Each structure stands twice: as structure tokens, then as C-alpha cells.
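sequence? don't have it. structure:
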RNA sequence: CUGGAAGGGCGGAGGGUCGCUCCGGGCUUCGGUCCGGGGAGGAAAGUCCGAACUUCACAGGGCGCGAUGCCGCGUAACCUUUCGUCGCAAGGCGCAGGGAUACACGCGGGCACCCCGGGGGAAACGCCGGAGUGACGGAUAGUGCCACAGAGAACAUACCGCCUUCCUCAGCUCGCUGUGGAAGGUAAGGGUGAAAAGGCGGGGUAAGAGCCCACCGCCCGGUGCGCAAGCCCCGGGGCACGGAAAACCCCAUCGGAAGCAAGGCCAAAUAGGGGACCUCGAGGCGGCCCGCCUCACGUUCUGCGGCAACGCAGAGCGGGUCCCGGGUAUCGGUCGCUUAGACAAAUGACUCUCUCCGGGCAGGCUCCGGUCUGCCCGCAGACAGAAUUCGGCUUACAGCCCUUCCAGAAUC
RNA sequence: GCAUUCGUAGCUCAACUGGAUAGAGCUUCUGACUUCGGAUCAGAAGGUUACAGGUUCAAAUCCUGUCGAAUGCA
């Protein structure tokens, strides 16, 4: 598998959802389902050119170290696979407490399963 | 060598690909992009103390509230006309120096209590040495408390005892002994209790008692030593003064309040805010001149009793005059803010090499305790993530290193 | 960030200003009643008073420190 010829792998701060109003809008108006240790809310925003992500990790997950690690891993997973997603996708990922015991590879599988179930991939893979 | 205790230190190293954040510089179509550099801890944690800093309040003082409580020394952020270093400069940096603050804390000392060892003594006890503990001003400023048990518990107390006198009865060696009772004396002994009103020895006495005396303890005064807390010695008093202030409290000292969500500035939007004077019912709360709440009163509206009047219920507003231009802003921006410096909060993902640690498998050696080699597994494996800064305390912590002490084994 | 309150039996709460054995209801278990079960009656079990120190003769209570939970303010 070639190293993602299409699209960037960067994730600058503009690709992050940062305002409380946007979180509330996506969680109330978007679609929602859960897979594994994740709970995914998403909606399409045609006016916004790039897809964006926001991450919620509550205090039930663990202490500050555990919560920061979960947020970094979810951000890394989105960064690696953002080019395969639909453009102008607004995504809010909520982590469940079971994420504290999973490795990066397991979190990645959960995310890919969620993407497959939601059918928000941009184009079917070549193979 | 092994194990334990105390104290101190460390908390993997180096590299590659992709990515995040801040700063400086270049290019830019202002969206970005390239180069260089910086980027979590010993506890960053809990927020338990204290300080800096900021705003508000403030003549001074009082009441109230809170904290601290043997003595001495030392220490941070902070300031700096010092020194070094970086920079053209502004300025930054420093295991440098100097100055300042702490009733945070650390170190040392004193005293008290308890334990151990030594030696003195008949004992009580005090002496010497060591370890530990101490919220370590005052119980003669006052108020209150000390359950149960016990005769009596802070104004002491007479249950059993002991002693004296008197009465009754019995015995006989005829004025003594004993039984029972009454009046009194007595805190030495028994018993109760956590605690029984100085300890112990001698004198004294009917029996006793600081009633008297020696020693110890206690209280008062003085000399000397020590910066001081205190200590040594001398003299006097003749004993009164139980515990507890982590009960109320008293004394001394300190503390104005709130906290970077402090606070300053600005864009946009929306209509309300502040001050002075006069007037004004009651109660409660907020520590004390003001505000909020409730009730009453006045007034407006709505509903019900058919309407008005009136009553009930609910909701809203609380007077007048003058003056000022501002006020709010809760995940708006920016400054505060940092050679880490964010504001949905940056250190990550994958991987290679080395070396720690733990486990498993195989093989070699073996004094059968182990040891060496190779491979594999365990997120480099513990606790844990900066949010204004600094000092301290407390709590959590895989493993490793150093020093001292103790115990065991082996060798000399 | 600051402030406040609370941890008592499996659950909900008591225990006065320290005084002895920590109490009540529900729950659980056992027995009785019943053909069986429910209800009822009787009995029993269940507690390191969150943890660790300290003050005191004596601590659930007073003091200090940890741990946990909840609430409020801007």
C-alpha cells in the first residue's frame, strides 16, 4: 500500500472543532452510532471545505495522563485516515472508558469499523 | 555476600519517517510554505500552609472573627548603581555576589514525658549515657466538666479499721480483758476508682496528722554562666496549688477582603447603570452605616366570586429632585504570560540499535544455591501531564545507585 | 480557582453538650402458621462508626492529616 498519494496527512489547528456551539450542533443535529470504544457523531457541512474533527474524553475514562493519551491517539487516527473520508465532514468522537485499556492498533480498528459502518468514505478503495 | 532500617540522588540513551505547538528569519496569490531553534515532573498531583503580584476598601481606633503560641539561626520568588555572558540596542540569562521579607518551613539548642542501659539507694526516687515523642503561653482571671464504682471527686470524705471516754453484759488473778452500743478524735492501713488532696524516713502522739525535723518535690527571692530559652549554687517559706484549655475562655502576637475565572484595553450588539440630598414601616439573613428575602402598606394588571364596590388568589413595580456618562460581557479577542507557555488546552504514532528490569523456553557449566549464552513476551514497562509565579507540607511511586547503622553467613 | 457540606449494618437514617452494650425501619436467614406461596408472628445474623494518628481515665462525638462523594459561586 503506497503511503497515501492523495491528500495531505497534516492536521493543523484549523481542522479541529473548538467551539462549544459547534459541538452542541453536531451532537444534536448529526447522526450518531457507536462501535467498540468509540461513539461517533457526524454531519455534512457543505459550506466548509475541509473535514474537521472534535474529540471528547470525559473524566470517567481515567486520570489526566490516560485522557491525554486517548485524545492524542484519536487525533492521530483521524490524521492518518482523513484523506479517505468525505470532504466537508464534521466529526465528533466521544471516547468510552474501555479505550484506556486498548492499544493504538485496536483504537485504529475501532475507527475504521465506524467509518465503514457510517459509509462516509470518500471513494471506494482501488482494490 | 545476603536481608533490613534511616538519609540522599536518578527516574533510560541514541537515531529514522510522518505529525503538533511557540519563537526568529525568508518567500507569499495572505490560504500557506521553507529554514533554524525551544517544548512537562520529582512529585507538574492534593490545593493543606505561606509569600509575591493585581483589584477593591481604608484618618485613627474599637467590637467581633480567624490563626499562631520554648529559644536562636537560616532560606524563595522579588530588588539590584555589583560581576560575568549574549545582543547593534532595548533587554535577557546566571550552581556568581549584595540586599529584603515569612507567627510557611528547615537546622541546632533548651525543657518536659516515656523507654532502654549503667551505677547509687532499704524504698520512694534522683544521677549519667542513648533513642523516641511533644498544638511546648495561662488551670492562683473567671464559668463549667470529671460518667460508673466508691463512705467521700475539688468547699474534700469517716464504710471497714485505729484510738479515747461513757453505758450494758460476761470472765477473772478485782482493775484489767472481751462482746454489744453511744459520743468524739484520726487520713497511717484496707477497699473503690483513671485520679483519694505532696513522697519517704525519723521524732511525736491516746491513735494520728508538715504537728516538728532531714532529703526530694513545690513556691518565693538572690549571685553567677549563657545572645536567649534556661542551667548551677545559695537563702527563705512549711505545703497551699488534682486533671483537662485538641470545653468555654484569658494573655501576647499576627491578620483589611478577594483572587490571573485577579485585573487592564478593544470590536460588535443591546438599554440600562452610578453618585449626592430629602423622605421611608416590621422581621430575618448576609459580620457591624448597605444590600437581599419575607410580611405589612401603596399601586398596576390578570383570574374567580355575574358587573361596580368589596374580598380571595397570582404576577409586576416600590418615593422625589439634581448630577455623571457609562454598564454588562459567563469557552469573544488581546495584554497579564514567561528562552514550556496553551485556552476543546501543544510532547504523539510507527520503527531500529544499545543497555536496565521482570517472566517463559532451549542449551552449556554446576559445589544443585545458582550462573552463562541464545530466542521470545511484557506499551522502557512505577506514580503520573505544566496553566500567574515562588517557597514549603502531605500523598503516590516499578526499578537502580551512594553513604551510615543493625542482623546473619563465609574467609583471614 | 474559591467556598461549603457529608462519609455509621446490604439500603434509608438515629445516637443530646465525650460516659461505655452504637439503635430503628426495610432487606437477608431460620422457625411457626399454610396443601404450597404471599402476608403475619417469633428469633437470629449483619459494624475496625471511611482510613491513620493524637488529646482524654474514656472518642461515632474533640483536634490534625489522608481518601472518597456531593453541592454552590463567578
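Right, received. Where do you want to start? Here the structure is a predicted model, which means the values were calculated and not measured.

what about the longest helix along chain A, near RNA strand B?
Identified as the longest helix of chain A according to DSSP state H is helix A:64-81. Yes - Helix A:64-81 is in contact with RNA strand B by CB under 7 Å from any atom of the strand, via A:64-65, A:68-69, A:71-73, A:76, A:79. Placement of C-beta: from N, CA and C, glycine included.

So which of these wins on neighbours?
residue A:73 (20 neighbours; other CB atoms under 10 Å).

ok so, going back, return the mean pLDDT over the helix or strand just after the longest helix of chain A, rounded to an integer.
Downstream of helix A:64-81, the next assigned helix or strand under DSSP states H and E is strand A:89-95. In this model, strand A:89-95 has an average pLDDT of 80.

buried sites along the next helix or strand along the chain from strand A:89-95?
Once the chain leaves strand A:89-95, the next helix or strand it forms, by DSSP H and E, is helix A:104-118. Going by neighbour count (16 or more other CB atoms under 10 Å), the buried part of helix A:104-118 is A:107-108, A:110-111, A:114-115, A:118.

Tell me which of these has the lowest pLDDT.
Among the buried residues of helix A:104-118, residue A:118 has the lowest pLDDT, at 73.

For it, which residues are in contact?
A:31, A:33, A:40, A:42 (CB atoms under 8 Å, 6 or more residues apart in numbering).

Kindly report the same for residue A:60.
So residue A:60 contacts residue A:97 (CB under 8 Å, 6+ apart).

which phi and psi does it have?
phi -70, psi -20 (degrees, to the nearest 10).

Now for residue A:63, how many residues are close by?
9.

For residue A:44, see how far away it is.
36 Å (CB to CB, to the nearest Å).

now do residue A:83
17 Å.

ditto for residue A:96
In terms of CB to CB, residue A:96 sits 25 Å off from residue A:44.

These two: which is more packed in?
residue A:96 (17 against 14).

surely the more buried one meets residue A:35?
No - contact between residue A:96 and residue A:35 fails when scored by CB atoms under 8 Å: they sit 10.1 Å apart.

Is residue A:94 in contact with residue A:37, as I believe?
No - at 9.9 Å, residue A:94 does not count as touching residue A:37 under the criterion of CB under 8 Å.
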